[in-house]
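Engineer: Dropping the sequence and predicted coords here.
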Amino acid sequence: MRRVGNYWEQEAELFLRAQGLTLVARNFLTQLGEIDLIMQDDFHLVFVEVRYRRRSRFMSAAGSVTRQKRKRMTKCADMFRKRYPNWSDYPCRFDVIAYDADVPLPDAIWLRGAFEAITW
């Protein structure tokens, strides 16, 4: 399963780079969880959750980012900014890149500013 996740995270990174974003970090891991990609978009630090759903019969990939996941992600983002203070003054954005495999060639669905920080 991790191999599948790695594949879609690489696809998301390539997609975002093509949109002009720059990679800051991959798979930032804390005791609370992981942030798949951290990118820079002009003057914003962008925390990206990559979601893939083989079947979206009950819920789409984008819809699978729960409130609990958003809360963990904002806490991890806070930890990143504390660990790397040179990024602490950048305004943050939380994006979701979603892939639903119900179609033959799934395109990236990019939800810019998908949610607001819960802990800030």
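Structural biologist: The structure has been received and is ready for your questions. Numbers count the residues shown, from 1 in each chain.
Engineer: Am I right that residue 28 is in contact with residue 34?
Structural biologist: Yes - between residue 28 and residue 34 a contact is recorded at 6.5 Å, counting by Cβ atoms under 8 Å. In short, each C-beta sits where N, CA and C put it, glycine included.
Engineer: out of the two, which sits in the busier spot?
Structural biologist: residue 28 (19 against 13; other Cβ atoms under 10 Å).
Engineer: Lowest-scoring secondary structure element of the protein by mean pLDDT?
Structural biologist: strand 109-115 (a mean of 81; mean pLDDT, DSSP states H and E).
Engineer: partners of that one, with directions?
Structural biologist: Using DSSP bridges, strand 109-115 pairs in its sheet with strand 92-100 (antiparallel).
Engineer: average pLDDT across the partner strand?
Structural biologist: Across strand 92-100, pLDDT averages out at 87.
Engineer: hang on, the earlier thing: list the residues that contact both of residue 28 and residue 34?
Structural biologist: Residues touching both residue 28 and residue 34 by Cβ atoms under 8 Å, 6 or more residues apart in numbering: residue 76.
Engineer: Which residue ranges of the protein form strands?
Structural biologist: Under the criterion DSSP state E, the chain contains strands at 22-29, 34-41, 44-53, 92-100, 109-115.
Engineer: wait, isn't residue 12 in contact with residue 26?
Structural biologist: No - counting by Cβ under 8 Å, residue 26 is not a contact partner of residue 12; they are 10.4 Å apart.
Engineer: Which one of the two is surrounded by more residues?
Structural biologist: Shown here are residue 12 and residue 26; by other Cβ under 10 Å, residue 12 has more neighbours (25 against 16).
Engineer: The more buried one: what's it in contact with?
Structural biologist: Contacts for residue 12 (Cβ under 8 Å, 6+ apart) come out as 36-37, 48, 50, 97, 99, 108.
Engineer: go with 10 Å
Structural biologist: Going by Cβ atoms under 10 Å, 6 or more residues apart in numbering, residue 12 touches 36-37, 39, 48-52, 95-99, 108, 110.
Engineer: Which of those sits closest to residue 21?
Structural biologist: Taking Cβ to Cβ as the measure, residue 39 is the one of the contacts of residue 12 closest to residue 21, at 4.2 Å.
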